[in-house]
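# With the input below, show me the fold.
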Amino acid sequence: MADNYFNQILSQRGGQERSFRWYQQKIREFGIPTQRRLIETGDANFDPQIGNMNFFVYDPKHKKTLPYYDRFPLIIPVEEKNQYFLGLNFHYISIPYRISLIEKLLRFTRTAQNENRIIMEWRDIKNFREVRPVIKKYLKRHVRSPFIKITEEEYRLALMLPVQDFKKATRNKVYYDSRRMING
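Next up, the predicted model:
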């Protein structure tokens, strides 16, 4: 992802892991990127790749009946079928829960095709409380952009970006409902 938003911020880390407060400060300094900027400068794939974190634009088939939905998911696909895939959409949970979930998922990191991926099966993660509100089914025909791959080095920054695009509900409403699912 040469010369993109992620590289601009990550190059300032000096090769060190930084705190979430540091990332928040850098996001304030650099501004919040638009969906278009993330898509245009990203490493694009046209199929969801199991175990890779991705941004993409989505237009749900049943948007009229859904209580709310995210038009710009940040997911890790966990299963793929012919017409759909299942993914963990981190946007449905607040940042502390995102961090907790990614830390648990990183235990499943494996090297596949010369890159690190989070390779897991449903049975491995189904009891993680944070998974309850984030597991979503996506119809491939309703994907409206390429999948923009997020590397493992970029995970923390991607999780911090407030680029979710909820329709029919506020972010606070979504987080409230998710907290109830996690703690209920």
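# contacts and neighbour counts: CA atoms only from here.
Noted.
# And the longest helix that the chain contains, how far out from the chain middle?
Secondary structure of the chain per DSSP state H: the longest helix is helix 171-183. Relative to the centre of its chain, helix 171-183 is centred 17 Å away, using Cα atoms, centre = their mean, to the nearest Å.
# what residues does that helix touch?
68, 92-94, 129-130, 132-133 (Cα atoms under 8 Å, 6 or more residues apart in numbering).
# can you list those in CSV and add neighbour count and distance to Leu139?
Below are the contacts of helix 171-183 laid out as CSV (neighbours: other Cα atoms under 10 Å; distance: Cα to Cα, whole Å):
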residue, neighbour count, distance to Leu139
Tyr68, 15, 16
Tyr92, 30, 18
Ile93, 24, 21
Ser94, 18, 25
Arg129, 16, 25
Glu130, 25, 23
Arg132, 17, 19
Pro133, 21, 18
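# Determine which two of those residues are furthest apart.
Greatest spatial distance among the contacts of helix 171-183 (Cα to Cα): Tyr68 and Arg129, at 20.8 Å.
# residues of the helix or strand bottoming out on mean pLDDT in the chain that come out buried?
When the helices and strands of the chain are scored by mean pLDDT, DSSP states H and E, strand 109-112 comes last with a mean of 83. Of all the residues in strand 109-112, not one is buried under the rule 16 or more other Cα atoms under 10 Å.
# mind saving the C-alpha coords of that strand as PDB?
This file holds the C-alpha atoms of strand 109-112, laid out as PDB (Å, rounded to 0.1, in the frame of the first residue of the first chain):
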ATOM      1  CA  THR A 109      -2.100 -16.200  12.900                       C
ATOM      2  CA  ARG A 110      -0.400 -18.600  10.400                       C
ATOM      3  CA  THR A 111       1.800 -18.000   7.400                       C
ATOM      4  CA  ALA A 112       0.000 -18.900   4.200                       C
END
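# circling back: okay, the contacts of helix 171-183 in CSV with secondary structure and pLDDT next?
Converted to CSV, the contacts of helix 171-183 look like this (DSSP: H, G, I helix; E, B strand; the rest coil; pLDDT from 0 to 100):
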residue, secondary structure, pLDDT
Tyr68, coil, 98
Tyr92, helix, 98
Ile93, coil, 98
Ser94, coil, 96
Arg129, helix, 95
Glu130, helix, 96
Arg132, coil, 96
Pro133, coil, 98
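# from those, which is closest to Asp59?
Closest to Asp59, out of all of the contacts of helix 171-183 and judged by Cα to Cα, is Tyr68, at 11.8 Å.
# how about the nearest residue to the closest one, chain neighbours excluded?
Of all residues not flanking Tyr68 in the chain, Lys168 sits nearest, at 4.9 Å (Cα to Cα, 6 or more residues apart in numbering).
# Contact partners for the one you found?
67-69.
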